[in-house]
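> All I have is the shape, not the residue letters:
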């Protein structure tokens, strides 16, 4: 048995060992397995056309972990959780995390419980092998409503409890508005951090999304140590192209203006970060697969 196959089987066993084991190790142990992966939104067009072929290309590059950005009608990129898990396994890939938006409507106030739709979402995430269920959005109607936000943060905590039953953890992923929006004297992002239980709700810091809105990843890592279990690793360049985020577009790691190497090293040291997920959304005319291959090589050069 070659080393890659042995490592894959070892990692798979850790992911699918069962809720009884995972719920204990995930929440009780301060030491977590470090994983380097890719957000599949980085190759979103290819994933729409050919999910299997696209995943194989990533595996051939050396990626071992992926994060999904497509769960619709109980399917991941058109496949059931069971079938998608098999596709991943056949390619020696694991999917420790994934993005699915949770809204206030996913809580049924009449039943004082989550809707069946959201419960199925958590079930499917567990079936496919996730350890984290990440919500990457916050409805605009809530952003300036402090009371509504407090209720929604309690829903975050309750979702953390729901995920914990399946050996997973709930989490939140930032964009830019969390830094341009203030709740009292603090940013919306800090409000989210301060009003969620770190034992139940993980933060996935996107270091690039925040840049143009005034967010500083290094400052946040120092102010809130051990609060960022996951990180979207990006570099950014100034851009005037349509669709950019506050004047910036993502680019190949090491080619932009951000101190990415320092950020990821700091996250590893004091951020509590164990899941480092490469994401590149803009390519400056290059092929997305060529970009993410260089991104992976750069992270390995930096010791990941």
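Yep, it's here. Since this is a predicted model, take the numbers as computed values, not measurements.

> quick one: residue 165 and residue 194, what's the gap?
25 Å (Cβ to Cβ, to the nearest Å). Heads up, the C-betas are built off the backbone N, CA and C, glycines and all.

> and what of residue 280?
Distance of residue 280 to residue 194, given as Cβ to Cβ: 31 Å.

> between those two, which one's more packed in?
The neighbour count for residue 280 versus residue 194, taken as other Cβ atoms under 10 Å, is higher for residue 280 (26 against 12).

> Quickly note the distance from that one to residue 129.
Residue 280 sits 24 Å away from residue 129, going by Cβ to Cβ.

> pLDDT value on residue 32, please?
Residue 32 is assigned a pLDDT of 74 by the prediction.

> and it, how many neighbours does it have?
Applying the criterion other Cβ under 10 Å, we find 14 residues in the vicinity of residue 32.

> Residue 45 now?
When neighbours are defined as other Cβ under 10 Å, residue 45 has 9 of them.

> Same question for residue 188.
20.

> now swap in residue 289 and tell me
Residue 289 has 17 nearby residues by other Cβ under 10 Å.

> Could you look up the SS state of it?
Using DSSP: H, G, I helix; E, B strand; the rest coil, the secondary structure recorded for residue 289 is helix.

> How about it, nearest residue that isn't a chain neighbour?
Taking Cβ to Cβ, 6 or more residues apart in numbering, and ignoring the residues beside it in sequence, residue 289 has residue 57 as its nearest neighbour in space, at 5.7 Å.

> Over to residue 128?
In space, and not counting its chain neighbours, residue 128 is closest to residue 81: 4.3 Å by Cβ to Cβ, 6+ apart.

> My guess is that neighbour contacts residue 127. True?
Yes. The pair residue 81 / residue 127 is scored as a contact, 3.9 Å apart, by Cβ atoms under 8 Å.

> Mind checking which of the two has more residues around it?
When neighbours are counted by other Cβ under 10 Å, residue 81 and residue 127 differ, and residue 81 comes out ahead with 20 against 17.

> Can you list the neighbours in contact with the helix or strand encompassing the residue nearest to residue 289?
With elements taken from DSSP states H and E, the one containing residue 57 is helix 51-61. The contact list for helix 51-61 (Cβ atoms under 8 Å, 6 or more residues apart in numbering) reads 38, 40, 43, 46-47, 66, 77-79, 87-88, 91-93, 289, 292-293, 296.
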